[in-house]
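K.L.:
Build the 3D model from these lines:
(chains A and B)
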Amino acid sequence: MNSIWTIARKELSDSLRNRWLIAIALVFAVLALGIAWFGAAASGQVGYASTPATIASLASLGIFLIPLIALLLAYDAIVGEEEGGTLLLLMTYPLSRGQLLFGKFLGHGLTLAFATLLGFGVAGIAIALLVDEVAVGALAAAMFRFIVSTILLGWGFIALAYMISVRVSEKPVAAGMALGIWFFFVLVFDLMLLGILVASEGKLSPELLPWLLMLNPTDIYRLLNIVAFGEGAQLSGVLSLGADLPIGANGLWFALVLWFVIPLAGAWALFRNRRI
Amino acid sequence: MSCFRLENVSYRYDKALVLNGVDLRLEPGEILGLFGHNGAGKTTSIKLILGLMTPTQGRVSVLGGEAGDPHVSQHIGYLPENVMFYPQLTGREILNHFARLKGAPLKRVPQLLEQVGLGDAMNARVKTYSKGMRQRLGLAQALLGTPKLLMLDEPTVGLDPVATADLYRLLRRLRDEGTGIVLCSHVLPGVEPYIDRAAILTDGAVKAVGDLASLRRQANMPVTLSIEPANGTPALEKAIAGASAGNGLMIKKDNGRLQVDVRPSEKMALIQSLMSSGEVQDLGIYQPTLEDVYVHFIGAGGLAHRGGAQ
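P.N.:
I've put the predicted structure just below:
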């Protein structure tokens, strides 16, 4: 455990040193406040619309930003050590590959968690203080749910980035593949799903279709943050499939947790078999 | 308890046999030089001892345990060739990081940095370090936690002569305190006085191993006598040709002296015969150097192809 923490604290202090943590937090805070104040601009007014609308907008933006930040933070975790010439040396220390990988995950995961908590937390507090008619209890619950799911989504993409990082031997290749992952889950997947829906002309089992959403962590994340508001929630596009999911919010949380546990275990398995 | 023992170790990667039946050991308080051309198997041997790879065949034991076992790794210091560190951290931060990983006391870090001559630079970022400074930091890193087995790959690269001499003095002291040391170096002339035994690897096999005297015996290479004549070279040449041990030897002239290559077994007989002839004013004996022995074992042709000893 000491070795894991030693690796993690170096990652944490690196992200403080290179201002990653504070930059991410700042982006999140500005974004959240911007959306809270100007979210209703499309309907011709400026000011706080409503908590569900704000969270839904934040989640829609989050699916673009969170995976990108997580992938950028983590894609060079192992391949960067190898290119920098430090991986070989690290592996001669009393440190297993699993400890190195989990230490990195702890460091990157905490960086993302602190930045999310700080950025969106500050935004949440600002909304509570500055908006007169907001129900603080509901806002706090929604913000809490939003922050935790954002952290889980980020962890998922950190773990996916590790699967690349332990496999390739050059950083630019890892960066390219990380962008590919982002492109697939954020842009391509839903289009593909729509395509399948249209092409199948209703021949696909209607029980199966909603489950396909579980194959994309960003869809789970959006469902979580929209469905939680109950009957009145606005599900659009492929997400409307999610209304038929029989698993409820707890199931969605579980799925999001699986989305970082399984890739992390996969990255570990790949790393163990890698030749150094 | 040996520092390490390789017993009939082979390692195959894809279809290539990188190591083939290697037997090698290192005892505490001993400095072993490991020499060989590129691809001879030096790095593979080191990686097997470090537990980074497992042998296809044979047995590797390190400090009485399994290679790669955390309890074993804790007592190994390793300086890789071209050591690299995190450029954005200071020398001290880096050493603290590695000390934590090794479970070594942090309070010894400044002292170690002083010892390798980085006392003034310990709070500067590594990206401002010269190659020699990085090398010293690498050495300090290898010395963390007072290792029982120290493996240094090209430790003198980037070091000036004074720092090199300091390094060898330090290694001797550690050796005398009981540390087993492996030294991989291609700077053979410099390393010769500091190693107790040398192992010469070629094509994945140990070609020869032993102290320099025994390597010379194994190689059975001629000893060169450089003789200054007392009464002119023709008389000396006659005396050499007349000695039974000197029969048929090639004689070279060099600046008024004569150079004769003689088999070690016949050296004393020739010297005695020449001394009694009264034709010798002065006599020097030149034993084959480590470099000569190395070239003998790996073959001069091989040296040209392989781009030199590494």
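K.L.:
need the residues of chain B near chain A, please.
P.N.:
B:50-53, B:70-71, B:73-74, B:76, B:78, B:80, B:82-88, B:97-98, B:100-103, B:141 (C-beta under 8 Å from any C-beta of the partner chain). Glycine gets a C-beta too; all of them are placed from N, C-alpha and C.
K.L.:
Now, the residues you listed that are in helices?
P.N.:
If you go by DSSP state H, the residues of chain B next to chain A have B:50, B:70-71, B:73, B:97-98, B:100-102, B:141 in helices.
K.L.:
Of those, select the buried ones using a ChimeraX command.
P.N.:
A single ChimeraX command suffices to select whichever of these are buried according to 16 or more other C-beta atoms under 10 Å in any protein chain shown:
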select /B:50,73,97,98,100,101,102,141
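K.L.:
which pair in the ones in helices among the residues of chain B next to chain A spans the largest distance?
P.N.:
B:71 and B:97 (20.8 Å; C-beta to C-beta).
K.L.:
which residue ranges form the helices in the stretch 151-276 of chain A?
P.N.:
A:171-182, A:189-200, A:209-212, A:217-227, A:248-272 (DSSP state H, counting those that start in this stretch).
K.L.:
ok, and for the shortest one, which residues are buried?
P.N.:
Translated: helix A:209-212. A:209-210, A:212.
K.L.:
Now narrow these to whatever sits close to chain B.
P.N.:
Answer for the buried residues of helix A:209-212 near chain B: none qualify (C-beta under 8 Å from any C-beta).
K.L.:
And those, which is closest to residue B:14?
P.N.:
Closest to residue B:14, out of all of these and judged by C-beta to C-beta, is residue A:212, at 40.9 Å.
K.L.:
Do I have it right that that closest one meets residue A:239?
P.N.:
No: Residue A:212 lies out of contact with residue A:239 (C-beta atoms under 8 Å); the separation is 11.8 Å.
K.L.:
What lies in contact with stretch A:173-181?
P.N.:
A:67, A:71-72, A:75-76, A:79, A:157, A:160-161, A:164-165, A:168 (C-beta atoms under 8 Å, 6 or more residues apart in numbering or on different chains).
K.L.:
Now the buried members of those residues.
P.N.:
Among the contacts of stretch A:173-181, those classed as buried by 16+ other C-beta under 10 Å are A:67, A:71-72, A:75-76, A:79, A:157, A:160-161, A:164-165, A:168.
K.L.:
Give me the residue ranges of chain A where confidence is low.
P.N.:
Counting by pLDDT under 70, chain A shows low-confidence ranges at A:1, A:39-45, A:228-238, A:243-244.
K.L.:
from it, which residue is nearest to chain B?
P.N.:
Of all residues in chain A, residue A:85 sits closest to chain B, at 3.0 Å by C-beta to the nearest C-beta.
K.L.:
Kindly confirm whether my reading is correct that that residue touches residue B:83.
P.N.:
Yes: in terms of C-beta under 8 Å, residue A:85 counts as a neighbour of residue B:83; the distance is 7.2 Å.
K.L.:
Compare these two (neighbour count), which wins?
P.N.:
residue B:83 (25 against 14; other C-beta atoms under 10 Å in any protein chain shown).
K.L.:
What pLDDT does the model give the more buried one?
P.N.:
Predicted confidence (pLDDT) for residue B:83: 93.
K.L.:
Same question for residue B:39.
P.N.:
Confidence score, pLDDT, at residue B:39: 82.
K.L.:
which parts of the stretch 1-150 of chain A sit against chain B?
P.N.:
So the stretch 1-150 of chain A meets chain B at A:2-3, A:6-7, A:10, A:14, A:17-18, A:84-86, A:88-96 (C-beta under 8 Å from any C-beta).
K.L.:
Just the buried ones among those residues, please.
P.N.:
The buried subset of the residues of the stretch 1-150 of chain A next to chain B (16+ other C-beta under 10 Å) comprises A:3, A:6-7, A:10, A:14, A:86, A:88-96.
K.L.:
Pick out whichever of these sits closest to residue A:109.
P.N.:
residue A:7 (12.1 Å).
K.L.:
excluding its backbone neighbours, what's nearest the closest one?
P.N.:
Excluding the flanking residues, the one nearest residue A:7 by C-beta to C-beta, 6 or more residues apart in numbering or on different chains is residue A:103, at 2.6 Å.
K.L.:
Could you report the neighbour count for the one you found?
P.N.:
For residue A:103, the neighbour count with other C-beta under 10 Å is 24.
K.L.:
That one against residue A:12, yeah?
P.N.:
No: using C-beta under 8 Å, residue A:103 is not in contact with residue A:12, being 10.4 Å away.
K.L.:
give me every residue that touches residue 10.
P.N.:
Chain wasn't specified; assuming chain A. Here residue A:10 is in contact with A:107, B:97 (criterion: C-beta under 8 Å, 6+ apart).
K.L.:
Chain B, not that one
P.N.:
Residue B:10 neighbours (C-beta under 8 Å, 6+ apart): B:17, B:19-22, B:55-58.
K.L.:
again, 7 Å this time
P.N.:
Shown in contact with residue B:10 (C-beta atoms under 7 Å, 6 or more residues apart in numbering or on different chains): B:17, B:19-21, B:55-58.
K.L.:
Buried subset of these, written for ChimeraX?
P.N.:
Selection command for ChimeraX covering only the buried members of the contacts of residue B:10, criterion 16+ other C-beta under 10 Å:
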select /B:19,20,55,58
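K.L.:
Of the contacts of residue B:10, which is the nearest to residue B:199?
P.N.:
Distance to residue B:199 across the contacts of residue B:10 (C-beta to C-beta) is lowest for residue B:19, with 12.5 Å.
K.L.:
can you give me the mean pLDDT across whichever strand or helix holds the closest one?
P.N.:
Taking DSSP states H and E as the definition, residue B:19 sits inside strand B:16-26. Averaging pLDDT along strand B:16-26 gives 94.
K.L.:
about what we covered before: mind checking which of the contacts of stretch A:173-181 land in strands?
P.N.:
Using DSSP state E, no member of the contacts of stretch A:173-181 falls in strands.
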